[in-house]
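J.: Any chance you can model this:
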Amino acid sequence: MPYTYLTVRRDGAVEYLTLNRPDVRNAFNEQVIAELTAWSADARAAAERHDIRVVVLAGAGRTFSAGADVSWMSATVTYTEDENVRDATAMSRMFTALNDLPVPLIGRIQGAALGGGAGLAAVCDIVVAADDAVFGFTEVKLGILPAVISPFALAKIGRSAARELFLTGARFSAARAKEVGLVHAVVAAAELDAAVAAQVEDILSAGPEAVAAAKALIRTVWERPAGEATTITAHAIAARRVSAEGQEGLRAFLDKRRPSWARGERSR
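T.: This is a model prediction of the structure:
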């Protein structure tokens, strides 16, 4: 479908999704939320058809995303509490749809990721940031809360870091973001694309069904006691070992050859 504030480009099994509102630092409004939600549904369908295996999320211009659009925020000042609930629920559903994509979502972050922009970083499976990027859960500075993004941010940075960063609303560096787990790699701005490409290549070298199963496994096992997870994990690995993809991967390893899904060969 055509988008107003997103650009989408497909390169083989890689989807490149870019927030395209550089004039307002890729800030969110109702239409951006609606478009990201609609794109997520299309991407899920494409992933289930095995058309895409990884998505790279970026922001056009100098900033990844500065959070909420000022014009949109000014409109919410006059909303009733019920209207605000509907508005916040739509945004929560967007973040959930991005978080639950069955393929890896890689964040490419430059400039700043603030408020909802930091929330986008939190729903990415892998985040690569320029070393001069700035992050912040800045909502309390406006007298509000990082409520909608909190489930995803807490899963990434944990309660201890959240106690500092949620409560102060302070901006923090890419190095600090890596320290607390929001970011996985920090590189010079000139090396950002190469670092993202390396992550893409790593994912494409893995079995696509196994990657999707591994992403689902994280959600299933998260915070379960080891004893409770035993049956789940035993069945999960057994299913992969007897699957066509698992058999291909194991046999390729034993035969010292590339598996059929590796880049340069036909994807399964």
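
J.: residues touching the nearest residue to T138 once chain neighbours are set aside, list them.
T.: The shortest distance from T138 to any residue other than its chain neighbours is 4.7 Å, reached at G169 (CB to CB, 6 or more residues apart in numbering). Quick note: C-beta positions are derived from backbone N, CA and C, even for glycine. By CB atoms under 8 Å, 6 or more residues apart in numbering, G169 lies in contact with 136-141.

J.: Going through those, which ones are buried?
T.: By neighbour count, with 16 or more other CB atoms under 10 Å, the contacts of G169 hold 136-139 as buried.

J.: roughly how far apart are D23 and D69?
T.: Noted for D23: a distance of 11 Å to D69, by CB to CB, to the nearest Å.

J.: Among these two, which residue is more densely surrounded?
T.: D69 (20 against 9; other CB atoms under 10 Å).

J.: quick one, strands of the stretch 101-250 of the chain?
T.: Using DSSP state E, counting those that start in this stretch, the strands found in the stretch 101-250 of the chain span residues 105-109, 112-114, 126-130, 134-136, 171-173, 185-187.

J.: Out of these, the one nearest P225 is which?
T.: Using CB to CB as the measure, strand 126-130 is the one of those that comes nearest P225, at 27.4 Å.

J.: now the closest one against strand 105-109, angle please.
T.: 10 degrees (axes from the mean of the first three to the mean of the last three CA atoms, to 10 degrees).

J.: Out of the helices and strands in the chain, which is least certain?
T.: Taking all helices and strands of the chain together, the one with the lowest average confidence (mean pLDDT, DSSP states H and E) is helix 70-76, at a mean of 78.

J.: ok, and for that one, which residues are buried?
T.: Along helix 70-76, the positions that meet the burial threshold by neighbour count (16+ other CB under 10 Å) are W72.

J.: and the residue nearest to T138, backbone torsions?
T.: phi 70, psi 20 (degrees, to the nearest 10).

J.: who touches A43 in this structure?
T.: With contact taken as CB under 8 Å, 6+ apart, A43 is in contact with 15, 17, 52, 55, 101, 103.

J.: Let me know the secondary structure of it.
T.: For A43, the reduced secondary structure class is helix; criterion used: DSSP: H, G, I helix; E, B strand; the rest coil.

J.: so what's the residue most central in space within the chain closest to, chain neighbours aside?
T.: In the chain, the C-alpha closest to the average C-alpha coordinate belongs to C124, at a distance of 1.8 Å (CA atoms, centre = their mean). Distances taken as CB to CB, 6+ apart put G107 closest to C124, at 3.5 Å, once the chain neighbours are dropped.
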